[in-house]
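J.: got a sequence here, can you build the structure:
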Amino acid sequence: MLTGLSTSNEIFIQKVALSVGISATITSTLLVIFFLITDFFSYHFRTVHLLFNVVMTIISVTFTVGVHKKRADFLAPFICGNITLLISSYVYILYFLKTGKDLPRYVKLMHEGIMDWEDEAVSHAEGVALVIFLVLELFVLPSIYLAVAFVYYCSVIRRKDRSQSCERIASDNYI
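T.: Residues are numbered from 1 along each chain as shown. Alright, predicted model coming up:
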């Protein structure tokens, strides 16, 4: 746990957490728009990602408001949502590797360089970009968001909650 942080460190951590909350909101909102307008992926793939990102948009807004108001109860949905996203993305990828068509085609593309996608040739660079996109969306971003949320909670919120409980104990002793 991070204890004994100076006020300037707490302010810095709060600014980083607020920036991450805003970037998470923007990222998930852009992904919602992307999956609404694209027809490159299969319907099932688009639907699942659209639902993921609608939920993550709501959770990211909640996190940003929680950081702004310094409320620990606002952070719980963000932390739970990212843990759920990480777990479900592992299950989702394993499911698609077994039964789906999208991810196996991307893996095949990585080895062959070119594949046909409904009578369209997709270049090797586009395939690599798709794989990078999936890795970023499903693993890297949730991990970063979780790390920042935990650091913020341990440093700023816990310290504030501890000082408030100490004040309550002190005021109860005087009554």
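J.: helices along the protein, start to end?
T.: Counting by DSSP state H, the segments of the chain that form helices are 7-37, 43-69, 75-99, 102-112, 124-135, 141-152, 158-174.
J.: what packs against the first one?
T.: When you say that, I think you mean helix 7-37. helix 43-69, helix 141-152 (3 or more CB pairs under 8 Å, 6 or more residues apart in numbering; DSSP states H and E). All C-beta atoms are positioned from the backbone trio N, CA, C, and that covers glycine.
J.: let's see it at 10 Å
T.: helix 43-69, helix 75-99, helix 141-152 (3 or more CB pairs under 10 Å, 6 or more residues apart in numbering; DSSP states H and E).
J.: pLDDT of it, averaged?
T.: In this model, helix 7-37 carries a mean pLDDT of 80.
J.: return the set of buried residues in that helix.
T.: Neighbour-count burial for helix 7-37, counted by 16 or more other CB atoms under 10 Å, picks out 10, 13-14, 17-18, 20-25, 27-29, 31-32, 34-35.
J.: repeat for stretch 75-92
T.: Buried residues in stretch 75-92, counted by 16+ other CB under 10 Å: 75, 77-79, 81-82, 84-86, 89, 92.
J.: now swap in stretch 55-67 and tell me
T.: Judged by neighbour count using 16+ other CB under 10 Å, the buried positions of stretch 55-67 are 55-57, 59-64, 66-67.
J.: would you format these as TSV with distance to Leu138 included?
T.: TSV is the format used below for the buried residues of stretch 55-67 (distance: CB to CB, whole Å):
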residue	distance to Leu138
Val55	14
Met56	11
Thr57	16
Ile59	15
Ser60	16
Val61	21
Thr62	21
Phe63	18
Thr64	21
Gly66	24
Val67	24
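J.: many thanks, I have nothing further to ask.
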